[in-house]
Each structure stands twice: as structure tokens, then as C-alpha cells.
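Engineer: below are the sequence and a predicted model for it; my questions follow.
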Amino acid sequence: MRSIGKYIIFLGKVFTHREPFKVYWQLFIDECMLIGIDSLTIVIITSTFIGAVSAVQTAYNLVSPLIPIYIIGTVVRDMTLLELAPTITAVVFAGKVGSNIAGQLGTMKITEQIDAIEVMGINSVSYLVMPKILAAMAMYPLLVVLAGFLSILGGYLAGTGLDLYTPDQYIYGIRLDFKSFTVTFALIKSFTFAFLITTISAYKGYYTEGGALEVGIASTQAVTNSCIALLIADYLLAQLFLG
């Protein structure tokens, strides 16, 4: 409970006594490059193979002749939009971006760079963390959209390449009984996950004490705590919007 209270106070410092938004613009652009563009490769690889594996395993378990083959496309679509694209990508995102944020702020803390910012009369929490939050909430939903597309494409390439189904069967399954709210739900989860990953990782890095060893520990804790928060938020959002 003490850590949760300290985290909430940390969030209050992020959004109060901040600098004008024009001060954050260049920092925001830089963070968009680091958080979004630099994460493209791992997101592309992960999402494509997740979609391919989902399609192949669904086809493998589809043993009843009463179930049409095109259902594989429907299963891959719903799994991708509801869970795989936003959540699995978030775990990868936490491992790459979360650890980087915690390590960066932790290094600044132990080298007294944050203290120097405070001496200049600047709210260091808002100055350092706000651009990261804004950049993550701007770029991560775009990564989720890309991950969803590539996951469905991966299922298409894997299934048609192995002759598990025809392209027409897969595309028909994707279009069958489509509910547009699943896309909205995936975007809601992406905004929530982006906020949790950046704020938890920044919190762990900002309050690092000690030396290089403690920076590594803070990075590890940032990833593990972010993943736990993601799973809890995933359940709560599913219960709220789908339950």
C-alpha cells in the first residue's frame, strides 16, 4: 500500500506545476522516435508469428467435420483484436520500452542530473515523465493497429502457404459477424497499457537509490510490475466492457 500511495503522489507531481506544453514539444518528438519507431522491428516480428501460430494451432485443433474451415479466420481475428494485439504487444513493449525508461531515469537519478534540474526550479517529474507518457499514448495505439494487421496477415500467409485453407475461406472468416467494438476495445486497452507501462517504469527509475546495480534492479522491477499491472488492467477492462 505504501508503494501504491507513493506512485499516486508521483502521478500528481507529473500533472501539477508543469511547464507550458511548448517546452515539451521537442522532447515529445524525441520520445516518439525512441518509443514508437525503435519498437517497430520487434512488434512486426512478434505480431506476424503470433498470427501464424494462432492460425496453424487453430487448424490443428479443428478436428470436427461439422465446423467449417472459414471459422479459423474468425478465431484468429477475434483472438488478435481482443487479446493478442494489445496485450502480447504490451508485454513486449514493457520489456523494451519500460526497462529503457527505468534505466534512463535511474541513471539520471544516481548521477544527480535530476537534482540539477530541480535546482534550476523545474519540476523534474513533469519535465522528464510527461513527454514519455504523451509519446507512449500517441505511438502505442498505432503499434497495436499495426500488430493487429500483421497478426491477421501472418495467419493468412501461414494457412494458405501450408494449404490449410484457401484465401477465400480465410477472408470470409475474417469478415463473418464482425463487431466493430472489438477494434474500439483494443484501442481502449492500448491507451490504458501505454499509460501504465510508462508511469510505472518512470516511477521505478525516478526513485532509484544506490549505484549501477540498483539501476538494473529498478529496470527489472519496472518490467515485472508493469506486466502484473497489465494483467490486472486487462481483466478489469474485459469485465467492464465485455462482462
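Structural biologist: Alright, I've got the coordinates.
Engineer: what about the closest residue to residue 188 other than its chain neighbours, which SS state?
Structural biologist: Excluding the flanking residues, the one nearest residue 188 by Cβ to Cβ, 6 or more residues apart in numbering is residue 237, at 6.6 Å. From N, CA and C alone the C-beta is placed, and that goes for glycine too. Under the three-state scheme (DSSP: H, G, I helix; E, B strand; the rest coil), residue 237 adopts helix.
Engineer: residues near residue 237, how many?
Structural biologist: As a burial measure, residue 237 scores 17 neighbours (other Cβ atoms under 10 Å).
Engineer: got it, and residue 40?
Structural biologist: 13.
Engineer: quick one: the helices in this structure?
Structural biologist: 2-15, 21-35, 40-61, 71-79, 89-93, 99-110, 113-119, 124-161, 167-175, 181-206, 212-241 (DSSP state H).
Engineer: for these, give me TSV that also has mean pLDDT.
Structural biologist: Listed next are the helices of the chain as TSV, based on pLDDT from 0 to 100:
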stretch	mean pLDDT
helix 2-15	85
helix 21-35	87
helix 40-61	91
helix 71-79	92
helix 89-93	91
helix 99-110	91
helix 113-119	86
helix 124-161	92
helix 167-175	92
helix 181-206	93
helix 212-241	91
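Engineer: quick one: the nearest residue to residue 117 once chain neighbours are set aside from residue 116, how far?
Structural biologist: Distances taken as Cβ to Cβ, 6+ apart place residue 124 nearest to residue 117, at 4.2 Å, with adjacent residues excluded. Going from residue 124 to residue 116 by Cβ to Cβ, to the nearest Å gives 9 Å.
Engineer: before we move on, what about residue 73?
Structural biologist: From residue 73 to residue 116 the distance is 56 Å (Cβ to Cβ).
Engineer: between these two, which has more neighbouring residues?
Structural biologist: Shown here are residue 73 and residue 116; by other Cβ under 10 Å, residue 73 has more neighbours (26 against 12).
Engineer: test my guess that the more buried one contacts residue 168.
Structural biologist: No - applying Cβ atoms under 8 Å as the test, residue 73 and residue 168 come out as separate, 10.0 Å apart.
Engineer: can you tell me the closest non-neighbouring residue to residue 79?
Structural biologist: Closest to residue 79 by Cβ to Cβ, 6+ apart is residue 54, at 5.6 Å.
Engineer: so which residue is smack in the middle of this protein?
Structural biologist: Central residue of the chain (Cα atoms, centre = their mean): residue 90, 2.8 Å from the mean position.
Engineer: what about the nearest residue to that residue once chain neighbours are set aside, neighbour count?
Structural biologist: Among residues not flanking residue 90 along the chain, residue 193 sits closest, at 4.1 Å (Cβ to Cβ, 6+ apart). Around residue 193 there are 28 other residues, counting by other Cβ under 10 Å.
Engineer: so residue 193 makes contact with residue 233?
Structural biologist: Yes - using Cβ under 8 Å, residue 193 is in contact with residue 233, at 6.9 Å.
Engineer: how about the contacts made by residue 226?
Structural biologist: 94, 98, 196, 197, 200, 201 (Cβ atoms under 8 Å, 6 or more residues apart in numbering).
Engineer: make sure the third one is actually in contact with residue 231.
Structural biologist: It stands for residue 196. No - assessed by Cβ under 8 Å, residue 196 is found out of contact with residue 231, at 10.5 Å.
Engineer: higher neighbour count, the two?
Structural biologist: More crowded of residue 196 and residue 231, by other Cβ under 10 Å: residue 196, with 22 against 13.
Engineer: list the contacts of the more buried one.
Structural biologist: 226, 229, 230, 233 are the contacts of residue 196 under Cβ under 8 Å, 6+ apart.
Engineer: out of those, grab the one that's most surrounded.
Structural biologist: residue 226 (28 neighbours).
Engineer: alright, I will stop here.
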